[in-house]
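1. Sequence first, then the predicted structure:
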Amino acid sequence: MKFTWYRSCCSKIFIIALLLLHLDGFAQQERVVVLIKGKVTDVQTNESLSGVSVGIKGTKKIVLTDENGNYSITAGSAAILVFSYVGNKSTEVTVGNQKVVNATLHKSTEQLKDVVITALGIKKERRALGYSVTEVKGATLTDARETNFVNSLEGKVAGVNVSNVATGPGGSANVVIRGISDITGSNQPLYVIDGIPMQNNTYRQTDVGGGYGGADGGDGTININPDDIENISVLKGAAATALYGYRGSKGVILVTTKSGKNSKGSGVELNSNLVVQNVIDNTDWQNTYGQGSQGNKPADGKSAFETGLSSWGAKLDGSNVYQFDGVKRRYSAVAGNIGRFYKNSLAATNTISFSKNLGDEGSIRFSASDLHNTSIIPNAGFEQQSFSLSTNYKLQKHLELQLKTQYINAYTHNRPSVSDAPGSVNFATLFLSPNVNILSLAPGYKANGSENQFLDDAYTTNPYFAAYKFINNTRRNRFIGSADLKYTFNNGLYVQVRAGEDYFADRNILITPNGTAYQPDGAMTDENIKSTELNVDAIIGKQFKINKDFNVSALAGVNSRKAVIDQIDATGNTFQTPYLYTVGNLASPTEFTSNPVVVNKSIYGTLDFSYKNYLYLSVTGRNDWYSTLAPGKTNYFYPSVSGSFVFSELVHVPGMDIGKIRVGYANVGGEADLPNSV
């Protein structure tokens with residue numbers, strides 16, 4: 001019994017002694033420190049990362065990597081090194097017996113959630129901005145799909161008003177950001193696609209029969225396929241858009257298209273979408289009195305023809321009364337004319353895309369899309385086929401090339417006239433007397449092809465005649481392409497050259513047919529418009545890590561823009577051979593040509609300062625030279641200053657994720673309308 005107790009005590013003493021020896025050895029090991037060196041790089045680009053925080057876990061000892069990504073720190077073999085860098089996941093490495101510890105960092109998707117795209121495609125933390133930027137994800141644009149993606153922005157961005165002209169699927173969209181800033185000119189914002197300004201010309205066609213309102217000629221944004229959009233950034237205030245100079249005075253909408261970077265290997269995506277639209281009848285006209293005048297019903301077809309849209313007749317009593325064509329019909333209310341004339345609109349979109357992520361070598365994405373949209377207006381619609389190609393190449397360690405192209409083939413069939421009654425499908429439809437069924441006006445023309453008038457006013461066109469006999473077609477071919485070459489040195493300095501062109505060719509055919517009441521001999525305009533805009537930018541920039549608390553980012557660039565429009569119109573009245581609708585058949589056609597050229601040269605720059613994680617300041621400036629101004633004062637300077645103070649980093653407010661005070665000042669202006677010869 002004693003022997004057992006003695007043996008047990010010896011065993012315990014032996015174990016305790018071993019533990020003490022081990023702890024003593026561990027303590028000696030911790031007391032032995034060595035100099036650890038290494039380099040930190042980006043796992044995707046293999047580029048050196050300067051300003052990376054390298055610390056020993058559990059201590060306050062921290063060093064920063066130099067401009068080549070190198071660092072040195074003294075640490076024990078049991079120490080754990082923690083590598084931290086803004087926008088990247090932290091990495092931990094145990095020293096062990098190593099004297100050289102290299103590390104690679106991965107981008108952090110969680111931290112990048114608060115990064116938005118600003119002017120010139122510069123990515124910034126949202127907390128650092130001294131102005132308002134709203135980001136809209138591309139996926140939200142296809143939930144309740146619109147033919148023009150701009151219409152989908154309505155209700156998604158505060159301070160942005162979106163309205164479209166009621167002229168069918170080929171019509172233009174009007175966007176006003178933070179109210180009207182130009183009384184006489186356009187208030188449309190600048191659209192920038194992948195860093196390249198896009199032409200968004202909205203021109204109104206003149207009615208060839210005398211200018212009674214014309215038609216909405218559409219705009220440029222309708223040609224962008226929503227399935228190709230990655231995200232949209234809306235820059236609202238002048239401080240946000242000052243880097244775009246005169247072109248950003250009405251706000252800027254930045255569109256970033258999809259690439260293959262986010263693909264996992266290779267992928268195929270098919271998106272099919274069908275949207276059905278119908279007309280809502282909000283009219284609230286009286287249904288007590290019918291067609292006629294001075295309280296009397298039409299006594300015969302002639303009096304019905306003369307009273308036309310007049311609804312000052314007797315009370316509707318269900319008796320048989322003459323109408324414009326000499327046929328007696330019931331003198332009763334026939335509600336629903338709007339629903340009878342207009343039809344359901346079907347918009348079918350099919351997009352297929354192929355993407356491949358090549359890893360460190362780059363990525364590629366190709367998409368093809370087909371859109372068919374029938375209008376609610378009879379015999380009208382919009383068709384578009386678009387193709388896009390996006391490629392990114394890592395040519396070498398420091399050199400990256402990005403190429404993007406889009407080709408669009410669009411056709412708008414029978415744009416409806418707007419405003420006044422001549423040639424309009426909407427005017428008579430809306431104001432028919434309550435006892436006249438609009439179907440009695442169909443098909444709108446007689447056996448000889450001339451208009452079947454339903455009243456004695458030649459300038460109020462039969463809506464069916466306007467829909468099926470008038471011609472207002474537009475054929476568009478468009479190409480948008482850009483090339484972006486960027487070289488980044490080991491110290492983080494980068495040089496970037498970007499060139500992009502937006503070209504479109506439109507052919508508009510407008511025909512007032514033979515037999516039109518107000519233009520019996522007909523009229524025609526054949527309009528050819530070719531428009532191109534070329535932008536070239538050269539940019540140099542660098543981020544500086546002054547110390548662990550203070551950072552500076554600098555950028556400077558130059559821009560050259562040239563916009564050319566070639567327009568040739570042939571127009572005239574009176575077809576010599578009826579119903580042969582060619583320019584050569586016009587009695588005396590006239591020709592109109594226009595060739596305005598606009599050239600702008602610009603220099604710009606920006607300085608961004610940040611202190612710790614709560615104080616930010618941004619200063620920008622741009623000087624634009626105009627060819628549209630008379631000799632003398634041909635250039636203007638547009639400055640901006642904005643700042644942000646994230647007070648929640650210093651003062652904790654319960655229930656508040658982030659608290660920020662921002663302030664900004666900027667001076668921007670527009671451009672002269674009429675260019676001088678260049």
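-> Nice, thanks for sending it over. Numbers count the residues shown, from 1 in each chain.

2. Report the residue spans of the stretch 1-150 of the chain with pLDDT below the cut-off.
-> 1-32, 87, 108-113 (pLDDT under 70).

3. residue boundaries of the strands in it?
-> Assigned by DSSP state E, counting those that start in this stretch, the stretch 1-150 of the chain shows strands spanning 33-42, 53-56, 62-64, 70-76, 80-84, 91-94, 103-105, 115-117, 123-125, 133-137.

4. among those, which is nearest Asn187?
-> With Cβ to Cβ, the closest approach to Asn187 among the strands of the stretch 1-150 of the chain belongs to strand 133-137: 18.2 Å. The C-beta positions use only the backbone N, C-alpha and C, and glycine is treated the same way.

5. How about Asn262: what's its closest non-neighbour residue?
-> Asn357 (7.6 Å; Cβ to Cβ, 6 or more residues apart in numbering).

6. what's across from the residue sitting nearest the centre point of the chain in the sheet?
-> Centroid-nearest residue in the chain, with Cα atoms, centre = their mean: Val255, separated by 4.5 Å. Taking DSSP bridges, one obtains Ile193, Ile232 as the residues bridged to Val255.

7. all helices for the stretch 201-350 of the chain, in order.
-> Remark: helices assigned in the stretch 201-350 of the chain by DSSP state H, counting those that start in this stretch are 238-241, 301-307, 337-341.

8. coming back round to it: looking at the strands of the stretch 1-150 of the chain, which is nearest to Val160?
-> That would be, of these and by Cβ to Cβ, strand 133-137, which comes in at 7.9 Å.

9. For the closest one, which strands pair with it and how are they oriented?
-> strand 229-235 (antiparallel).

10. Can you name the residues in contact with the partner strand?
-> 116-119, 131-138, 141, 149, 153, 157, 160, 177, 241, 248, 251-259 (Cβ atoms under 8 Å, 6 or more residues apart in numbering).

11. what's the closest non-adjacent residue to Asn595?
-> Nearest non-adjacent residue to Asn595, counting by Cβ to Cβ, 6+ apart: Asp566, 5.5 Å away.

12. Which secondary structure elements does the helix or strand encompassing that neighbour sit against?
-> In the assignment (DSSP states H and E), Asp566 maps to strand 550-573. Packing partners of strand 550-573 (3 or more Cβ pairs under 8 Å, 6 or more residues apart in numbering; DSSP states H and E): strand 523-545, strand 590-594, strand 597-611.

13. what's the angle between that strand and strand 590-594?
-> 170 degrees (axes from the mean of the first three to the mean of the last three Cα atoms, to 10 degrees).

14. Strand 550-573: which residues count as buried?
-> Going by neighbour count (16 or more other Cβ atoms under 10 Å), the buried part of strand 550-573 is 551, 553, 555, 557, 559, 561-565, 567, 569-573.

15. Farthest pair within those residues?
-> Asn551 and Asn573 (68.9 Å).

16. returning to that earlier point: ok, which of the helices and strands packed on strand 550-573 comes nearest Ser310?
-> Judged by Cβ to Cβ, the one of the helices and strands packed on strand 550-573 that comes nearest to Ser310 is strand 523-545, at 29.3 Å.

17. Stretch 264-279: how far from the chain's middle?
-> Put simply, stretch 264-279 sits 18 Å off its chain's centre (Cα atoms, centre = their mean, to the nearest Å).

18. Now it: buried residues?
-> Asn271.

19. just stretch 70-90 next, same as before
-> Neighbour-count burial for stretch 70-90 [16+ other Cβ under 10 Å]: 71, 73, 75, 77, 79, 81-83, 85, 88.
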